[in-house]
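Novice: Predicted model and sequence follow; I will ask about them next.
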Amino acid sequence: MTPRESVEAAVAVIQREDGQVLLGQRPEGKPWAGWWEFPGGKIEDGETPFHALQRELHEELDITATRAYPWLTRSFDYPERQVKLRFFRVRGWDNAPHSKEGQQLSWQDPAALTVSPMLPANTPILAALSLPPVYAISHLREMGEQAFFAALETALQQGLRLMQVREKQLAPEDLQRFTQRVIACCRPYGARVVVNADVDLALACQADGVHLPSAALMQLAERPPGMLAGASCHDSAELQHAIGLGLDFVVLSPVQPTRSHPEAAPLGWENFSGLIAECPIPVYALGGMLPGHLETAWCHGAHGIAMQRAVWGC
């Protein structure tokens with residue numbers, strides 16, 4: 001049997017400020033003609049993924065990326081070949097994109113596509129794009145209920161769309177009451193809420209999902225079904241297990257010194273970047289994060305940042 005071709009490609013997720021992404025339809029004469037995909041193409045010998053990205057953007061769309069961040073790396077087996085796709089999130093470019101290769105172009109909401117079919121290798125990217133850049137962790141213990149809910153309302157008004165309820169000090173009935181109140185605050189904004197560790201509580205409160213501590217993650221044989229599932233990771237073994245389970249996202253920490261775990265040795269940005277270099281699922285950076293660190297996190301391959309204090313103004 002002749003071995004299938006193995007190809008590595010650089011792919012651009014070009015995203016406007018309104019969240020819409022640019023898709024192209026493969027023209028007649030190319031394999032998978034008529035299917036939609038993110039722009040990009042094969043990484044040639046001697047090229048870095050970033051240089052291949054810029055070349056493809058120029059050849060296909062006549063643009064140059066001015067802000068491009070490494071993101072996910074996903075492998076996919078097509079009948080004719082195996083592909084490794086290195087996705088970049090492109091948040092800035094120098095011209096209006098236009099077709100140079102006869103392909104149709106369309107700006108699309110990742111959560112509500114009006115074009116189809118989508119190339120199979122690109123489909124999981126749409127789910128990842130639904131995750132916002134900031135992931136908040138509740139901080140009731142230090143703030144108190146009145147201050148916390150005031151801060152939550154402000155954060156929601158400013159665009160917060162994903163948070164974790166993590167209050168280990170609360171008795172079960174108090175935790176359920178608190179969780180239900182958080183969900184009631186978040187629902188009108190379309191913000192999603194996950195519950196730390198407790199799948200039963202998530203189901204009882206009709207939360208959007210669960211966040212697994214690293215110890216619980218490593219004991220898990222399959223992901224919780226029917227809900228958003230994330231996990232805390234601190235090293236390569238935990239990260240690989242989360243990937244193997246097919247979780248929706250992970251939080252990798254601590255990146256910098258943190259008051260929550262002062263005894264933990266920080267990874268630093270370079271080690272963080274190295275650990276997630278081939279990661280196929282979104283990764284949030286946690287530990288000493290401030291809102292101003294988002295761009296730095298993107299530059300090192302993160303999907304976004306997670307915060308327990310700074311997001312609430314603490």
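Specialist: Received the coordinates, thanks.
Novice: show me where the stretch 201-314 of the chain has strands.
Specialist: Ranges of strands in the stretch 201-314 of the chain, per DSSP state E, counting those that start in this stretch, are 209-212, 228-233, 249-252, 283-286, 304-307.
Novice: quick one, which of these is nearest to residue 94?
Specialist: Closest approach to residue 94 among the strands of the stretch 201-314 of the chain (Cβ to Cβ): strand 304-307, 25.1 Å. For the C-beta atoms, the positions are set from N, CA and C on the backbone; glycine is no exception.
Novice: follow-up on the earlier one: which of the strands of the stretch 201-314 of the chain sits closest to residue 142?
Specialist: Among the strands of the stretch 201-314 of the chain, the nearest to residue 142 by Cβ to Cβ is strand 304-307 (13.6 Å).
Novice: which strands and helices sit next to the closest one?
Specialist: Applying 3 or more Cβ pairs under 8 Å, 6 or more residues apart in numbering; DSSP states H and E, one finds that strand 304-307 makes contact with strand 134-137, strand 283-286, helix 294-299.
Novice: who touches it?
Specialist: For strand 304-307, the surrounding residues in contact (Cβ atoms under 8 Å, 6 or more residues apart in numbering) are 131-137, 251, 253, 282, 284-286, 289-291, 293-294, 297-298.
Novice: next one: stretch 223-241
Specialist: Identification of contacts with stretch 223-241 by Cβ under 8 Å, 6+ apart yields 164, 192, 194, 199, 202-203, 207-214, 216-218, 220, 242, 245-253, 264, 275-276, 279, 283, 286.
Novice: Look at the residue nearest the centre of the chain and report its pLDDT.
Specialist: The centroid of the chain falls nearest to residue 282 when counting by Cα atoms, centre = their mean (3.3 Å). pLDDT recorded at residue 282 is 98.
Novice: Tell me where the protein has helices.
Specialist: With DSSP state H as the criterion, the chain has helices at 49-61, 123-129, 140-143, 145-157, 172-186, 199-205, 214-219, 236-245, 268-275, 294-299.
Novice: Tell me which of those lies nearest to residue 309.
Specialist: Residue 309 lies closest to helix 140-143 among the helices of the chain, at 8.0 Å (Cβ to Cβ).
Novice: Pull out the buried residues from the closest one.
Specialist: For helix 140-143, the neighbour count (16 or more other Cβ atoms under 10 Å) marks 140, 143 as buried.
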